[in-house]
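**Student:** For reference, the sequence and a predicted model appear below.
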Amino acid sequence: LQVCSAASQLPARCDVLLANILAGTLCGLAADFAQRVRSGGSVVLAGILPEQADVVAAVYAPWFHIGLYATREGWVALEGTRS
């Protein structure tokens, strides 16, 4: 387990990437996250408002089979598997 406070600190390749940040930042990091998650690996994205979930999912869809993971207290989490 490696905890990073900046995208520049992320490992070059990982099996699972978990990000709990706002939707705009998640969208901006999609291509970088996709490069870092190995084929068959997973991404979990949290910190998303319900009305933003479809947009975030669409941004990640070119690289991940992505969908709803959970909702809690007004927030949404998405999960995806790298193609």
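**Tutor:** The structure has been received and is ready for your questions. Note that the structure is a prediction, hence the values are computed from the model and not measured.
**Student:** Distance of the residue most central in space within the chain relative to residue 83?
**Tutor:** Nearest to the geometric centre of the chain sits residue 45, at 3.7 Å (C-alpha atoms, centre = their mean). Residue 45 sits 16 Å away from residue 83, going by C-beta to C-beta, to the nearest Å. For every residue, glycine as well, the C-beta is placed using N, CA and C.
**Student:** Please apply the same query to residue 33.
**Tutor:** 13 Å.
**Student:** Compare neighbour counts for these two and give me the winner.
**Tutor:** residue 33 (22 against 11; other C-beta atoms under 10 Å).
**Student:** neighbours of the nearest residue in space to the more buried one that is not next to it in sequence, just the number please.
**Tutor:** Nearest residue to residue 33, sequence neighbours excluded (C-beta to C-beta, 6 or more residues apart in numbering): residue 17, at 5.7 Å. Using other C-beta under 10 Å, residue 17 is surrounded by 22 other residues.
**Student:** cool, residue 28 as well?
**Tutor:** By other C-beta under 10 Å, 14 other residues sit near residue 28.
**Student:** okay, it: pLDDT?
**Tutor:** In this prediction, residue 28 carries a pLDDT score of 97.
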